[in-house]
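*Asks:* give me a 3D structure for the following:
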Amino acid sequence: MLVYNKISFKYFFMTFELLKTFIDDQGWNFFGITDFSFLHFNLKKHKKIFELWTQRGFQADMNYLEQMEEDRFHPENKLPNIKSVLVLGAWYGGNSNSNSLVARYARGKDYHNVLKKKCVALSDWLKKQYPEAETYISIDSGPTADRVFAETAGLGFFGKNSCLIRPSHGSYFFIASVMTNLDLPLISTSASKMPICGDCQNCLKNCPTGALVSPGVVDANCCISYLTIENKQGIPIALRSKIGNHLFGCDACQEVCPFNQGRKDKQVITIDSLKSENGVGESLDLIEIFSLSTDEDFTKRFAGTPLMRAKRRGLLRNACVVAGNSGDVSLIPHLQSVIDREDDTMIKEHARWAIEQLENQA
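*Replies:* Numbering: from 1, shown residues only. Below you'll find the predicted structure:
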């Protein structure tokens, strides 16, 4: 790790030591700081990559990505006098559980809410130390390229699965960013010291739907995470059997990554709200999901967790697909109950498909 003193030793000591202590006390696992001039150069490169990606239609119906493009690659639109970006990382790791149905990141409380509170507190602390401070916060939800921020700050490199990978630690971590007008001391790792994926093709070969069309390029149209979370329509019939037991999200391309192998002891969750026992948990029951007959029931069960993103409609749709792939004929009565109860034609169609699959496998 390289630390650059940009102003004075006194300023550096006060800023870095106090800042590091505050960040550590908040429970963050690591952080970096990058200068806007370095970031601006990297954003220009990634903007071209993004434009090529959208030209190929790989964003599916996530039109908001293009609508936010200008702000995403020009953070000065949000903070005109930006000088530094503080980028923070928090592990969500968890255990590999093939029966969990839910991607690792979504098993605890909704990280957007959890980490935003910490970033607001950090912003308030900066402003208390330096009254002239101005900030803009992003936790993977606003028009900012947080992974590019993290790469520039030396927190990791982009893998062939498009995830940011932290060398010797893995990729199971959240990213949060605090832009500021303060001239903070740079903390970064030389890009030349970052490893690369080399000849490894594990993620490309093991993506269940073939969504990784080339190294670092994801076609959202057939990505399980998109299909089960962001997608508001039906799941294409041709892809349903490939969904397997992925109810919400997918970790397939990370599970097979060598950088995540044997790293459990380094991916320790230090923010309690992100632990699975404080959220959805390590496993879910399809019958319970089928029993959620109203939006109120759904909210009562999943409020404050990432599963709220799919809404009851999306989760029911996903549960039907998982049931159809399960081979468990005991689920047929529950699927029929969904058909009898629901008015939504999309949900009915998915439930009928699931029953047909199970009857054919019986």
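*Asks:* if we look at stretch 278-295, which residues are touching it?
*Replies:* Residues outside stretch 278-295 that contact it (CB atoms under 8 Å, 6 or more residues apart in numbering): 94-95, 97, 99-102, 106-110, 247, 272-273, 276, 297-298, 301-302, 304-307, 311-312, 315-316, 319, 322-323, 326, 331, 334-335, 337-338, 341. Every residue, glycine included, has its C-beta placed from N, CA and C.
*Asks:* buried among the residues you listed? Make that a PyMOL selection.
*Replies:* Burial among these is assessed by 16 or more other CB atoms under 10 Å; the matching PyMOL selection reads:
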select buried, resi 94+100+101+102+106+107+108+109+110+247+273+276+298+301+302+304+305+306+307+312+315+316+319+322+323+326+331+334+335+338
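*Asks:* name the residues of stretch 201-210 that are buried.
*Replies:* Buried, per 16+ other CB under 10 Å, within stretch 201-210: N202, C203, L204, C207, P208, T209.
*Asks:* tell me which element Y136 falls in.
*Replies:* strand 135-138 (DSSP states H and E).
*Asks:* who's in contact with that strand?
*Replies:* So strand 135-138 is contacted by 75, 78-79, 82, 116, 119-120, 123, 126-127, 144, 146, 176-180 (CB under 8 Å, 6+ apart).
*Asks:* and stretch 319-336, by the same measure?
*Replies:* Here stretch 319-336 makes contact (CB under 8 Å, 6+ apart) with 101, 235, 240-241, 243-247, 286-287, 289-291, 338, 347, 350-351, 353-359, 361-362.
*Asks:* low-confidence stretches in the protein?
*Replies:* 1-15, 93-99, 188-192, 362 (pLDDT under 70).
*Asks:* how's it carved up into domains?
*Replies:* Here the domain assignment for the chain is 2-193, 285-362, based on automatic domain parsing.
*Asks:* which parts of the stretch 51-200 of the chain are strands?
*Replies:* 84-91, 135-138, 157-158, 164-165, 173-180, 186-188 (DSSP state E, counting those that start in this stretch).
*Asks:* what is the third one packed up against?
*Replies:* It stands for strand 157-158. The contact analysis (3 or more CB pairs under 8 Å, 6 or more residues apart in numbering; DSSP states H and E) places strand 157-158 against helix 146-152, strand 164-165.
*Asks:* could those go into JSON lines alongside mean neighbour count and distance to L18?
*Replies:* Below are the helices and strands packed on strand 157-158 laid out as JSON lines (neighbours: other CB atoms under 10 Å; distance: least, CB to CB, whole Å):
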{"stretch": "helix 146-152", "mean neighbour count": "24", "distance to L18": "22"}
{"stretch": "strand 164-165", "mean neighbour count": "23", "distance to L18": "27"}
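*Asks:* can I get the ones you listed in TSV with distance to M194?
*Replies:* Shown next, in TSV, are these (distance: least, CB to CB, whole Å):
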stretch	distance to M194
helix 146-152	9
strand 164-165	9
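*Asks:* and P167, how many neighbours?
*Replies:* 14 (other CB atoms under 10 Å).
*Asks:* nearest residue to it other than its sequence neighbours?
*Replies:* Counting by CB to CB, 6 or more residues apart in numbering, P167 lies nearest to P195, which is 5.3 Å off, once chain neighbours are set aside.
*Asks:* ok, now how distant is that neighbour from V256?
*Replies:* Per CB to CB, to the nearest Å, P195 is found 17 Å from V256.
*Asks:* the more surrounded of the two?
*Replies:* Shown here are P195 and V256; by other CB under 10 Å, V256 has more neighbours (18 against 12).
*Asks:* any idea how far that one lies from Q26?
*Replies:* The value you get for V256 to Q26, if CB to CB is used, is 32 Å.
*Asks:* can you give me the distance of I347 to A319?
*Replies:* 10 Å.
*Asks:* oh, that last question was meant for I33, not what I typed.
*Replies:* Counting by CB to CB, the gap from I33 to A319 is 43 Å.
*Asks:* then D328?
*Replies:* For D328, the distance to A319 - CB to CB - is 12 Å.
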